[in-house]
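Novice: Give me a model of this one.
(2 chains)
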Amino acid sequence: MTKLLALAIACAACFYCPAQTYQLAPPLMKTGAVFFSATSQLRFEFRQPGAVIRYTTDGSLPSASSKRYSGPITVTNNRTIVQARSFAKGFRPSEPVGQQFWKKGAGFTVENCSKPNERYSAKGTSSLNDNIGGSPALSNGNWLGFQSDTVIIDLSITYGKPVQEMMLDLLQAEDQWIFMPASVQWLAWNETRQAWDLMAEKKFNPEEPHAGSECQFTLLKAATAVQAKKQRVVMVPLQQLPDWHAGKGQPAWLFIDELKLY
Amino acid sequence: MNRKSFLQQSSLVAAACMLGPQFEFGKKDEIILGHNNKKYRLDSKWGELDAARYPVKDCHEMVQDASGRILLLTNETRNNVIIYDKKGKLIDTWGTTYPGAHGLTIFNENGTEVLFICDNNRHQVIKTTLDGRELMVLDYPKETGMYTKADEYIPTETAIAANGDIYVADGYGKDYIIQYNHKGEYIRHFGGRGDKDEHLLNAHGVCIDYRHKNKPTLIVTSRQQNAFKRYTMDGKYIETIALPGAWVCRPVIKGDYLYAAVLQSKSAEWKQSGFITILDKHNKVVSNLGGTVPVYNKGVPEEMYQTVKVFQYPHDVCIDDEENMYLAQWNSGHVYPYKLQPVS
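Specialist: Okay, here's the model as predicted:
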């Protein structure tokens, strides 16, 4: 029996020592709603016998000692990041694949919005808080696409409690001429001063090349929470595509599909 | 058989089962790719040449001629056609005028083999001898009434019927299949874009399927739809062969099997996520080289994707007279073709 065991081990070992070490491809990921109310779900699969999927839910890179995936993962917490990688003996682990999930935030309506391009007008500006989207497929009917000097979105807050954070889901797909904006400002109307207060601002370096097509969940955080009824977002799209780009000198597109207040 | 040896044997079987269907490696620890009766051993060095003398850009397509030579088409205008023997030894090169060399088809025309080259940049199909003498040039098909200028037409592939009819797939243009007679005279066109079953999206390849005796049909790639579509020889739609997840390139039929390079996985677009798929004579996937185990659910394959990063962007396969496979890759760091030998 010992002999047999030794044979089995030897056999397994010869299975596992290829002359060249290849990397595995990442698991296939299927996500439920990225913007969710109570819970969401995602599942992974990797149809390759001999390989396992390991995952984390805390944003860390999955390692060989991370939890082994065995079935759909339920997401309940806001901002949860689930990441998974494929592992197999004799192979380098895959690149990670993952998703961040965003819970429904404070209620608001879109009072006014710069006019999106006709081809990318989603289901109107109410699409900005319809809890649908979070996928980088630019023709999925959820994205509002702009090609203008500035994009202004005015919000009317229907939720009573103060908010301190704003999340914007922006698309970065530079091959498709869609770039991050030069800047995003979050403003709140100050009734006393009868003027806009700057809550938070974020500047980007949109000219830097970025491969692929990705949702960039962009978070703005104010120093203190605010209860203003009127709030505003001002985004400045990149005005000239950089020199390395096929469309250099022409204006970039700005794409947004969801806005959340927390 | 005594009890001891019986026990030993059944334990061995049990041990083998416990190991399960795992990754496989060959005698030299090389990776074995594929599933079922279509498994291969990879030789990634097969086509390597001195890049200073015989450079390649994208390796687009490969064919074998009657004398056994393997012909590679690349868009490198220092040598658009590179000819190897089956061992990977360089025999000859030619071609400097095909900047958009993309499709390569070989046809035996009354005993003489000829080539058809689709050039994306020239917006033309060029018929040549095996040593590169031009015999015919087909310009953009204004006879169809669908094109106003050559730029709109970006042919990717041809297939030649037994009677010499030429089928051109405008896979990067308007996705029509244009049929000509052997003289290059327009007969008809079909396919094109739209939302019906007979429409195509990225009609990247076309071939003639002779697997059903006396009833040849056309198989056309609809790459962005992750499917092949079958038509009669006069362009009537018959059926769709869905290949979820797989950006299939041209169908290549040898014997009972249909082989195709898969440029990339839908689940990981533009991330070097390609593999190779093999369908049996019922057009059922039996093997994916570097990809998922084929599994069917209600007659349709479960989504397929790359599992091991062995290939980057496979663009075409060629099966030789000894059932060896050769692989040409697009945009994969100027890599020369690979050879894959069947494992019995």
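Novice: Report the beta-bridge partners for residue A:40.
Specialist: When bridges are called by DSSP bridges, residue A:40 pairs up with residue A:75.
Novice: Would you quantify the distance from it to residue A:78?
Specialist: 11 Å (C-beta to C-beta, to the nearest Å). Yep, even glycine has a C-beta here, placed from its N, CA and C like the rest.
Novice: Okay, now the unreliable bits of the stretch 201-344 of chain B?
Specialist: Residue ranges of the stretch 201-344 of chain B with pLDDT under 70: none are present.
Novice: near chain A, which residues of it?
Specialist: Within the stretch 201-344 of chain B, the positions near chain A by C-beta under 8 Å from any C-beta of the partner chain are B:265, B:267-271, B:273, B:292-293, B:295, B:302-303, B:305-310.
Novice: filter the residues you listed to the buried ones?
Specialist: Buried members of these, scored by 16 or more other C-beta atoms under 10 Å in any protein chain shown, are B:265, B:267-268, B:271, B:273, B:292-293, B:302-303, B:305-310.
Novice: List every C-alpha atom in stretch A:51-59, with coordinates, as CSV.
Specialist: The C-alpha coordinates for stretch A:51-59 follow below in CSV (Å, rounded to 0.1, in the frame of the first residue of the first chain):
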residue,chain,number,x,y,z
ALA,A,51,-7.6,24.2,-11.0
VAL,A,52,-9.4,26.0,-8.1
ILE,A,53,-10.7,29.5,-7.6
ARG,A,54,-9.7,31.4,-4.5
TYR,A,55,-11.3,34.7,-3.5
THR,A,56,-11.3,37.6,-1.1
THR,A,57,-14.0,40.1,-0.1
ASP,A,58,-11.8,42.7,1.6
GLY,A,59,-10.1,44.1,-1.4
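Novice: so residue B:272 sits in a strand?
Specialist: No. Per DSSP: H, G, I helix; E, B strand; the rest coil, residue B:272 lies outside any strand segment and is coil.
Novice: what's the spacing between the residue lying closest to it once chain neighbours are set aside and residue B:50?
Specialist: Setting aside the residues directly before and after it, residue B:272 is nearest to residue B:312 in space (C-beta to C-beta, 6 or more residues apart in numbering or on different chains), at 4.0 Å. According to C-beta to C-beta, residue B:312 stands 22 Å off from residue B:50.
Novice: Neighbour count for the two, which is higher?
Specialist: residue B:312 (19 against 8; other C-beta atoms under 10 Å in any protein chain shown).
Novice: is it true that the more buried one lies in a helix?
Specialist: No. Counting by three-state DSSP, residue B:312 falls outside a helix, being coil.
Novice: what's near enough to touch it?
Specialist: Listed by C-beta atoms under 8 Å, 6 or more residues apart in numbering or on different chains, the contact set of residue B:312 reads B:272, B:274, B:329, B:331-333, B:335.
Novice: List the beta-bridge partners for the closest residue in space to residue A:201 that isn't next to it in sequence.
Specialist: For residue A:201, ignoring the flanking residues on the chain, the nearest one in space by C-beta to C-beta, 6+ apart is residue A:185 at 4.8 Å. Beta-bridge partners for residue A:185, by DSSP bridges, are residue A:201, residue A:234.
Novice: how far is the lengthiest strand in chain A from where the chain is centred?
Specialist: Assignment by DSSP state E gives strand A:214-226 as the longest strand of chain A. Offset of strand A:214-226 from its chain centre (C-alpha atoms, centre = their mean, to the nearest Å): 13 Å.
Novice: and it, does that touch chain B?
Specialist: No. Applying C-beta under 8 Å from any C-beta, one finds strand A:214-226 out of contact with chain B, separated by at least 11.7 Å.
Novice: Can you show me the CA trace of that strand as CSV?
Specialist: In CSV, the C-alpha atoms belonging to strand A:214-226 read as follows (Å, rounded to 0.1, in the frame of the first residue of the first chain):
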residue,chain,number,x,y,z
GLU,A,214,-13.1,49.9,-17.1
CYS,A,215,-15.7,51.5,-14.7
GLN,A,216,-13.9,53.9,-12.5
PHE,A,217,-15.9,54.3,-9.3
THR,A,218,-14.8,57.8,-8.3
LEU,A,219,-15.3,58.9,-4.7
LEU,A,220,-15.4,62.5,-3.5
LYS,A,221,-15.3,63.1,0.3
ALA,A,222,-16.3,66.3,1.9
ALA,A,223,-14.6,67.6,5.1
THR,A,224,-18.0,67.7,6.9
ALA,A,225,-21.4,66.3,6.1
VAL,A,226,-23.9,68.7,4.5
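Novice: What about the residue nearest to residue A:201, how many residues nearby?
Specialist: Residues near residue A:185, counting by other C-beta under 10 Å, number 19.
Novice: which ones are touching residue B:51?
Specialist: Listed by C-beta under 8 Å, 6+ apart, the contact partners of residue B:51 are residue B:334.
Novice: Please report how far it lies from chain A.
Specialist: Distance, residue B:51 to chain A, using C-beta to the nearest C-beta, to the nearest Å: 21 Å.
Novice: and what of residue B:164?
Specialist: As defined by C-beta to the nearest C-beta, residue B:164 lies at a distance of 41 Å from chain A.
Novice: Contact partners for that residue?
Specialist: If a contact means C-beta under 8 Å, 6+ apart, then residue B:164 has B:107, B:109, B:181-182 as its contacts.
Novice: 10 Å - rerun?
Specialist: Residue B:164 is in contact with B:107, B:109-110, B:180-183, counting by C-beta atoms under 10 Å, 6 or more residues apart in numbering or on different chains.
Novice: what's the answer for residue A:174, then?
Specialist: A:180, A:206-213, A:238, A:241-242, A:244-247, A:252-253 are the contacts of residue A:174 under C-beta under 10 Å, 6+ apart.
Novice: Equivalent analysis for residue A:137, please.
Specialist: Contacts of residue A:137 (C-beta under 10 Å, 6+ apart): A:143, A:171, A:173, A:213.
Novice: Tell me the pLDDT of it.
Specialist: Per-residue confidence for residue A:137 comes out at a pLDDT of 87.
Novice: hang on, it in a helix?
Specialist: No. Per three-state DSSP, residue A:137 lies outside any helix segment and is coil.
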